[in-house]
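> Predicted model, plus sequence, below.
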Amino acid sequence: MKKLVLIVATIYSISIYSQVERVVFELEKTPLKVSINPGVYRSRLPGSSSIESSFRQPAFFAQVYFPFKRSLDTPSNFERSTFDSTYYDRLFTASPLAVFHLTEKGGNGIGLGQELSFKVAKKTFIKSQLAILWVESNAQKNDGLKSGLNFHHYWYISNYFSQNIAFSLGYNHISNGKILSQQLGAVFDMLTIGVCVTFLKK
């Protein structure tokens with residue numbers, strides 16, 4: 001009986017091992033890629049009114065991606081054409097980017113960071129951004145932002161409509177976490193819809 005169990009376990013292990021596919025990690029040059037994300041936000045600063053603390057105020061932010069990224073995928077996928085209609089981006093990527101924020105009350109921010117992307121289906125990706133943001137905000141207006149250095153966190157789901165256009169739903173949070181400063185910084189939450197365009201060259 002023990003021998004039978006050992007044989008079955010060995011065959012099963014070999015079967016699993018044979019299904020493991022080799023991947024490679026490469027630095028890639030990429031075309032211009034821009035993402036626009038309008039949405040509604042709330043302030044979580046102390047003293048916020050009921051309207052200020054609810055998702056009723058408009059804002060937007062944009063990302064411009066640097067012209068390179070680090071990518072992990074199977075070797076054969078790196079040989080595919082950019083215009084291959086059966087393929088949408090890598091299994092995993094790490095992309096540097098610039099971020100620009102603006103609220104309807106004039107609060108704004110600009111920063112640099114990185115986005116991690118994980119492929120979960122043929123056209124669908126889960127993505128996460130972390131950036132350090134310099135914020136400028138009018139102290140007389142409560143839009144959840146406070147002047148100074150803050151962290152920009154953004155988590156979202158992206159789905160490709162075509163080879164160069166993707167739509168997204170996400171959640172954005174800006175705060176300093178009392179890491180960049182001991183004083184309370186921005187406490188800003190935003191629900192977003194977005195569109196990302198990659199300017200492919202034929």
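The structure has been received and is ready for your questions.
> What ranges does the chain have for its helices?
Listed from the start of the chain, the chain has helices (DSSP state H) covering 2-18.
> low-confidence ranges in it?
Of all residues in the chain, those with pLDDT under 70 make up the ranges 1-19, 202.
> Try it again at 90.
Low-confidence segments of the chain, defined by pLDDT under 90: 1-22, 76-88, 139-140, 163, 177-185, 200-202.
> For the nearest residue to residue 176 once chain neighbours are set aside, which residues are in contact?
Sequence neighbours aside, residue 185 is the residue nearest to residue 176 in space, at 3.1 Å (criterion: Cβ to Cβ, 6 or more residues apart in numbering). (Each C-beta comes from the backbone N, C-alpha and C, glycine too.) Residues near residue 185 by Cβ atoms under 8 Å, 6 or more residues apart in numbering: 135, 146, 148-150, 175-178.
> quick one: which of these has the most company?
Of all those, the highest neighbour tally under other Cβ atoms under 10 Å goes to residue 150, namely 29 neighbours.
> So it versus residue 123, what's the distance?
As defined by Cβ to Cβ, to the nearest Å, residue 150 lies at a distance of 33 Å from residue 123.
> And residue 94, by the same measure?
Taking Cβ to Cβ, one finds residue 94 at 20 Å from residue 123.
> for residue 45, same thing?
38 Å.
> so residue 26 sits right up against residue 69, yeah?
No - counting by Cβ atoms under 8 Å, residue 26 does not reach residue 69; the two are 9.4 Å apart.
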